[in-house]
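> Okay, sequence plus prediction incoming.
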Amino acid sequence: MPEQRTAAPAATAGELLAEYRPGDSFFSTATRALHGTGALTTLDRLDAIPAALAEAGDGALAMGAVPFDPAQPAHLVVPETVRRSPSPVRAARSEHRWSPLGGQWTLTPVPAPDAHVAAVERAVKLMAEDTELRKVVLARCLKVESDQDVDVATVLANLLWRDPTAFVFAADLPERGSGTRSLLGASPELLIAKRGRHVLSNPLAGSAPRSADPTKDQRRAVGLLTSAKDRHEHSVVVEAVTEALRPHCRSLSVPAEPELIKTATMWHLSTRVTGELTDPDVPAHRLAADLHPTPAVCGTPTGRAFDTIGGLEPFDRGFYTGAVGYTDAAGDGEWVVTIRCADVAGRALELYAGGGVMPESDPDSELAETSAKLRTLLLALGVDGAA
Ligand SMILES: C=C(O[C@H]1C=CC=C(C(=O)O)[C@@H]1O)C(=O)O
């Protein structure tokens, strides 16, 4: 295999965005961005990354996406060329504007909103009958079709413009028919970041929609922070993340109380779990695989929740609620939870949003929460419809 080429760094993430073409890989955090073009090789398993990177040179990295179902193939690429931008991505906001996408849109919810409410009711009933089942994350899909090909680069730029501190990504996916297929999103949730000995995971769970009215917005934030149901939902995820990281860490720090974080559309309860690895050679993707799927996207206990989701959701999640990110040749990397995302091919997009269902969940509020979460992508498309 030829070695991966590292292009001269770009001054800004906006410069990288301007070079992005469908089929490329893009990943940005609040402080830096990466753009991969071409493919030296593609891989369908995370554990194939170290051997591929050993052939691709000292500074090489692999990028890509892992589906929700760990038994399904991943789609990872060792790009031919990687270009980085080390500057804060926030700057990208002043560099370009939100751009409209042309075309007429048709929106089809799958399942219909009433059916999602019924699925949540069913999950609540299942948890009442079987108290071992403590949490199930139920999602819905919104099929969005345009009368023209979707301009993937503009959707990506709009996502970054609205949420410059989110983890904004574009990953190439295996084609369904003809043409490229991409996974695009702006996730607020860090599954794992690993640098040398240090690891950070930032589980989120417990949500409230933002409001344009500042007083209402603040009230919702305080309501979330003091909600017993949301704090319970959050603690289940923190517990699972801590348990998955503990065997790898010689020290682990877990704040006792969650804090609030906000995206352009949502408030979330957030906990930053930090640790020091016993073995600094454990690569980032291995930690991601051990953490995935957390109860932020699946439930507790994992196997029971996974089967319940299979019985209640009328679609295959595919790459939604998987993980997306990169690992470099040193084993360092960042993997985020694939939420607030869309699977795009040609004129069609599939948008997804879900929420953690607890024994005390209110089904109508769960539906409203998924509608609010879908707005991340709808705003990037410029679609102003009720989801
Ligand atoms: C599953 C999703 O969100 C997860 C992440 C943050 C908060 C969540 C919640 O409050 O339910 C979910 O666990 C999604 O956005 O589709």
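Good, I have the coordinates. Numbering: from 1, shown residues only.
> tell me which element the closest residue to P283 other than its chain neighbours falls in.
Distances taken as Cβ to Cβ, 6 or more residues apart in numbering place G331 nearest to P283, at 3.6 Å, with adjacent residues excluded. The C-beta positions use only the backbone N, C-alpha and C, and glycine is treated the same way. For G331, there is no host helix or strand (DSSP states H and E).
> I'd like to know the phi and psi angles of the closest residue in space to A56 that isn't next to it in sequence, please.
In space, A56 comes closest to Q4 once its chain neighbours are excluded; the distance is 4.5 Å by Cβ to Cβ, 6+ apart. Note on Q4: its backbone torsions stand at phi -70, psi 140 [degrees, to the nearest 10].
> For Q4, grab the count of nearby residues.
23 (other Cβ atoms under 10 Å).
> Quick check: phi and psi on A228?
With angles defined as degrees, to the nearest 10, A228 sits at phi -60, psi -40.
> next one: G354
Backbone torsions of G354, given as degrees, to the nearest 10, read phi -140, psi 180.
> I'd guessed L374 sits against L351; true?
Yes - counting by Cβ atoms under 8 Å, L374 does reach L351; the two are 5.5 Å apart.
> Neighbour count: the two, which is higher?
Neighbours per residue (other Cβ under 10 Å) separate L374 from L351, with L351 holding more: 29 against 26.
> part of a strand, is K143?
Yes - assessed with DSSP: H, G, I helix; E, B strand; the rest coil, K143 lies in a strand.
> Just give me the neighbour total for it.
14.
> Dig out what it forms beta bridges with.
Legend: beta-bridge partners of K143 under DSSP bridges are T108, E350.
> Could you report the separation of it from A380?
Per Cβ to Cβ, to the nearest Å, K143 is found 16 Å from A380.
> ditto for T271
For T271, the distance to A380 (Cβ to Cβ) stands at 27 Å.
> more crowded one of these two?
A380 (28 against 21).
> what about the closest residue to the more buried one other than its chain neighbours, helix or strand, and which?
Of all residues beyond its chain neighbours, the one nearest A380 is N158 (4.0 Å), with distances taken as Cβ to Cβ, 6+ apart. Per DSSP H and E, N158 falls inside helix 152-162.
> So which bits of that helix are buried?
Going by neighbour count (16 or more other Cβ atoms under 10 Å), the buried part of helix 152-162 is V152, A153, T154, V155, L156, A157, N158, L159, L160, W161, R162.
> doesn't W98 make contact with the third one?
No - counting by Cβ under 8 Å, T154 stays clear of W98, with 9.3 Å between them.
> Now do the helix holding N158, average pLDDT.
Averaging pLDDT along helix 152-162 gives 94.
> tell me what it is packed against?
In this structure, helix 152-162 makes packing contacts with helix 13-19, helix 92-95, strand 167-173, strand 181-187, strand 341-345, helix 363-381, judged by 3 or more Cβ pairs under 8 Å, 6 or more residues apart in numbering; DSSP states H and E.
> how about the ones you listed, which one is nearest the ligand?
Among those, helix 363-381 comes nearest to the ligand, with 4.4 Å by Cβ to the nearest ligand atom.
> tell me which residues of stretch 271-283 are tucked away?
Here stretch 271-283 shows T271, V273, T274, G275, L277, V282, P283 as buried, counting by 16+ other Cβ under 10 Å.
> Which residue ranges of the stretch 201-350 of the chain form strands?
Assigned by DSSP state E, counting those that start in this stretch, the stretch 201-350 of the chain shows strands spanning 204-209, 249-253, 259-262, 266-270, 273-277, 299-300, 323-328, 333-337, 341-345, 348-357.
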